[in-house]
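> Compute the structure for the input listed below.
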Amino acid sequence: MKFILIFGPQAVGKMTVGHELEKITAMKLFHNHQTIELLHPYFGFGPEMWRLSDLFRKEIFEQMSQSNSAGFMFTYVWAFDLPGDWSFVEQICDIFESKGHEVCFVELEADLEERLTRNKSPHRLHYKPTKRDVKRSERDLIQTMENHRLNSIPGEISRKNYIRIQTTTRTPAETALLIKDRFQL
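Next up is the predicted model:
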């Protein structure tokens, strides 16, 4: 099995690219908002929601790592300045690597103007109800970008199974094809 971690800032195209990869591979997508949308109606964006979200995600990763699935993808907004995010990434990679699975990193980046446009896309709003308050979502996107570093610096990620893709002018299908080819999915 290959585990693909697709990461980058909000509205860079992680989920949309993951959906495109599902169309051209046997892989399954688990996007980060699946747990957020489940828990948000009960706990808002409070600490209980994030704690439960992490627990659910890790349990899903454990079960998938024991399955006979061809591959599994997860999307994540990784704040490189937060040690807790580094720890979470290490933990989920260890779940798969400890069972002999290959882990591949896909980092996406896009210009802020493009991300603000994508933040309002029907595809995004369909799958992420918490983003439907577009003004709040846009404020959060900008604030998160101002407060955290959401893309790596050159050389920071030393894994051999790593690709960084600028998605500003690429379609999700083009990006998915680059990933498929790079990791022979």
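> just the strands in this structure please.
Under the criterion DSSP state E, strands of the chain are mapped to 2-7, 28-30, 71-76, 102-109, 162-166.
> Can you pull up the most central residue in this protein?
Central residue check for the chain by Cα atoms, centre = their mean: the C-alpha nearest the mean position is that of Thr75, 1.6 Å away.
> returning to what we had before: can I get the strands of the chain in TSV with distance to Phe45 and mean pLDDT?
In short, each C-beta sits where N, CA and C put it, glycine included. Listed next are those as TSV, based on distance: least, Cβ to Cβ, whole Å; pLDDT from 0 to 100:
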stretch	distance to Phe45	mean pLDDT
strand 2-7	20	98
strand 28-30	20	95
strand 71-76	16	96
strand 102-109	23	98
strand 162-166	29	97
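> Out of those, flag the one nearest Glu138.
Taking Cβ to Cβ, strand 102-109 is the member of the strands of the chain nearest to Glu138, at 18.5 Å.
> How about residues contacting that closest one?
Contact with strand 102-109 is made by 1-9, 12-14, 17, 93, 96-97, 151-152, 157, 159, 161-168, 175, 179, 182-183, as judged by Cβ atoms under 8 Å, 6 or more residues apart in numbering.
> Between strand 71-76 and the longest helix seen in the chain, find me the angle.
Longest helix of the chain, by residue count under DSSP state H: helix 47-65. If you take axes from the mean of the first three to the mean of the last three Cα atoms, to 10 degrees, helix 47-65 sits at 160 degrees to strand 71-76.
> Can you point out the buried residues in helix 47-65?
With burial defined by 16 or more other Cβ atoms under 10 Å, the residues of helix 47-65 counted as buried are Met49, Ser53, Arg57, Ile60, Phe61, Met64, Ser65.
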